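*Asks:* pasting the structure only:
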């Protein structure tokens, strides 16, 4: 039986006006790179984010709508290795289990792109981290299988999203342009000709905190 | 007697989400480069723009406020040669007098950066085009002298603005980020670390048509 196919999506991905999706010099103290917290100012006050960090309340406007939409119908995630952690090269041991503590906010199978093999990790709340060494297409195949009829969400970081965009494998990208200048960091779109790759902006929603764009292929 | 010094400003300068301030392949038919009219969607309906093209009416909201502010207190302009025209290399003759007909919208002295000398041209409505071969600082010195206590506005294009930003010579930049993807063209900020050059965002105003940012030095 063939089910309805889910989409491959990037959601709630923030970019500075000067084009960076993460700051420079990522480390344990600066998971998003130096100075890059401002990228995400639009999401922190939202109810979705507040619930994620175990708090009540939060805003319920347009920014919340976009934050919530990012988690709707998601059946599997793909993360680049830098989004999973600050470690580079071989895994020294099995102690690093992501930035998110015992109960990561994914609650699905999560496929982490890496050149360095490692056994899968089962976390609380039904998150399982798998480490994929075969490249972006292998990760996507496995994520689609895990997601079934639901969507695959590509979480980031910028390098991972760039690779999937370049390969034309992303169906929908929700981009939140934050009104800040970072000056340096990880570029998201530099050198990518999205219109030529078949992408166009189909929805534009400005808020005080960000310019939300839905970009679709086809 | 020392007067109050005017500012050196860029105003109403549009940039796509993917960082382009003009499209590719500028020509007589495409003064802003191919596909780049969408960059300026926010300004066309405004009263300021409508008056400029000899029409009545036009919008009077936030976009209009920014369009009008761009012309307030401007005592001289600086343009890159490509903003003045599509001709490259030596001037073949004196027939090209800008894109704007007999009465250009400047009404001040305008200093055009070029490597190729040419005599000044007096136009109707008090616009005078001067051709400056000594580089961006010479053009700025002459424009400041012409402007007196008023502001110097650097009109563009992207290459000209980049040179002045890199040299730290711009006091204020009003940037209008348009919710479009161009894919290729003239990048405005790529490779420029504005925070490192002393610039920061001091004002953010979203509209349906653009995200307006005021960026200041100091």
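*Replies:* Great, that's in hand. Keep in mind that what you see is a predicted model, and the values were worked out from it rather than measured.
*Asks:* what about residue A:18, how many residues nearby?
*Replies:* 24 (other CB atoms under 10 Å in any protein chain shown). C-beta coordinates here come from the backbone N, C-alpha and C atoms, glycine included.
*Asks:* what sits against it?
*Replies:* By CB atoms under 8 Å, 6 or more residues apart in numbering or on different chains, the contact list for residue A:18 reads A:181, A:182, A:183, B:19, B:189, B:192, B:194.
*Asks:* mind checking how far the nearest residue to residue A:80 once chain neighbours are set aside is from residue A:17?
*Replies:* Nearest in space to residue A:80, with sequence neighbours left out and distances taken as CB to CB, 6 or more residues apart in numbering or on different chains, is residue A:160 at 3.4 Å. Distance of residue A:160 to residue A:17, given as CB to CB, to the nearest Å: 22 Å.
*Asks:* residue contacts, the spatially most central residue of chain A?
*Replies:* Closest to where the C-alpha atoms of chain A average out (CA atoms, centre = their mean) is residue A:155, at 1.7 Å. Under the criterion of CB under 8 Å, 6+ apart, the neighbours of residue A:155 are A:10, A:77, A:78, A:79, A:80, A:83.
*Asks:* of the residues you listed - the most surrounded one?
*Replies:* residue A:78 (28 neighbours).
*Asks:* any chance of the backbone angles for that one?
*Replies:* The phi and psi values for residue A:78, taken as degrees, to the nearest 10, are phi -120, psi 130.
*Asks:* what ranges does chain A have for its strands?
*Replies:* Using DSSP state E, the strands found in chain A span residues A:8-16, A:20-22, A:74-80, A:109-113, A:121-122, A:128-132, A:151-156, A:172-178, A:186-187, A:199-206, A:211-217.
*Asks:* in a markdown table: these, plus mean pLDDT.
*Replies:* Conversion of the strands of chain A to a markdown table gives the following (pLDDT from 0 to 100):
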| stretch | mean pLDDT |
| --- | --- |
| strand A:8-16 | 98 |
| strand A:20-22 | 96 |
| strand A:74-80 | 98 |
| strand A:109-113 | 98 |
| strand A:121-122 | 97 |
| strand A:128-132 | 98 |
| strand A:151-156 | 97 |
| strand A:172-178 | 98 |
| strand A:186-187 | 96 |
| strand A:199-206 | 97 |
| strand A:211-217 | 98 |
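*Asks:* can you say which of these is nearest to residue B:57?
*Replies:* strand A:199-206 (24.2 Å; CB to CB).
*Asks:* who does that closest one pair up with?
*Replies:* strand A:211-217 (antiparallel) (DSSP bridges).
*Asks:* ok, and for the partner strand, which residues are buried?
*Replies:* Neighbour counts over strand A:211-217 (16 or more other CB atoms under 10 Å in any protein chain shown) mark A:211, A:212, A:213, A:214, A:215, A:217 as buried.
*Asks:* for the biggest helix by length in chain A, packing partners?
*Replies:* When chain A is parsed with DSSP state H, its longest helix is helix A:136-147. For helix A:136-147, the packing partners by 3 or more CB pairs under 8 Å, 6 or more residues apart in numbering or on different chains; DSSP states H and E come out as strand A:74-80, strand A:109-113, strand A:128-132, strand A:151-156, helix A:158-166.
*Asks:* which among the buried residues of strand A:211-217 gets closest to residue B:139?
*Replies:* Nearest to residue B:139 out of these is residue A:211 (CB to CB; 33.5 Å).
*Asks:* what's the closest non-adjacent residue to the closest one?
*Replies:* Taking CB to CB, 6+ apart, and ignoring the residues beside it in sequence, residue A:211 has residue A:177 as its nearest neighbour in space, at 4.2 Å.
*Asks:* could you do residue A:121 as well?
*Replies:* Distances taken as CB to CB, 6+ apart place residue A:129 nearest to residue A:121, at 4.6 Å, with adjacent residues excluded.
*Asks:* kindly report the same for residue A:91.
*Replies:* Distances taken as CB to CB, 6+ apart place residue A:118 nearest to residue A:91, at 5.1 Å, with adjacent residues excluded.
*Asks:* related to what we said a few turns ago, closest to chain B out of the buried residues of strand A:211-217?
*Replies:* Nearest to chain B among the buried residues of strand A:211-217: residue A:211, at 4.7 Å, using CB to the nearest CB.
*Asks:* my guess is that closest one contacts residue A:176. True?
*Replies:* Yes. With the criterion set as CB atoms under 8 Å, residue A:211 and residue A:176 qualify as a contacting pair; they are 7.3 Å apart.
*Asks:* give me the buried entries from the contacts of residue A:18.
*Replies:* When burial is judged by neighbour count using 16+ other CB under 10 Å, the buried members of these are A:181, A:182, A:183, B:19, B:189, B:192, B:194.
*Asks:* chain A against chain B: which residues are in contact?
*Replies:* Listed as neighbours of chain B in chain A under the rule CB under 8 Å from any CB of the partner chain: A:15, A:17-19, A:35, A:175, A:177, A:179-184, A:189-190, A:192-196, A:199-201, A:204, A:206-208, A:211, A:213, A:215.
*Asks:* switch the cut-off to 7 Å
*Replies:* Among all residues of chain A, those adjacent to chain B (criterion: CB under 7 Å from any CB of the partner chain) are A:17-19, A:177, A:179-181, A:183-184, A:189-190, A:193-196, A:199, A:201, A:204, A:206-208, A:211, A:213.
*Asks:* is it true that the residue nearest to residue A:91 touches residue A:93?
*Replies:* No. No contact is recorded between residue A:118 and residue A:93 when judged using CB atoms under 7 Å, the distance being 10.0 Å.
*Asks:* what stretches of chain A score poorly on pLDDT?
*Replies:* Across chain A, residues meeting the criterion (pLDDT under 70) sit at A:1-4.
*Asks:* repeat that with 50
*Replies:* A:1-2 (pLDDT under 50).
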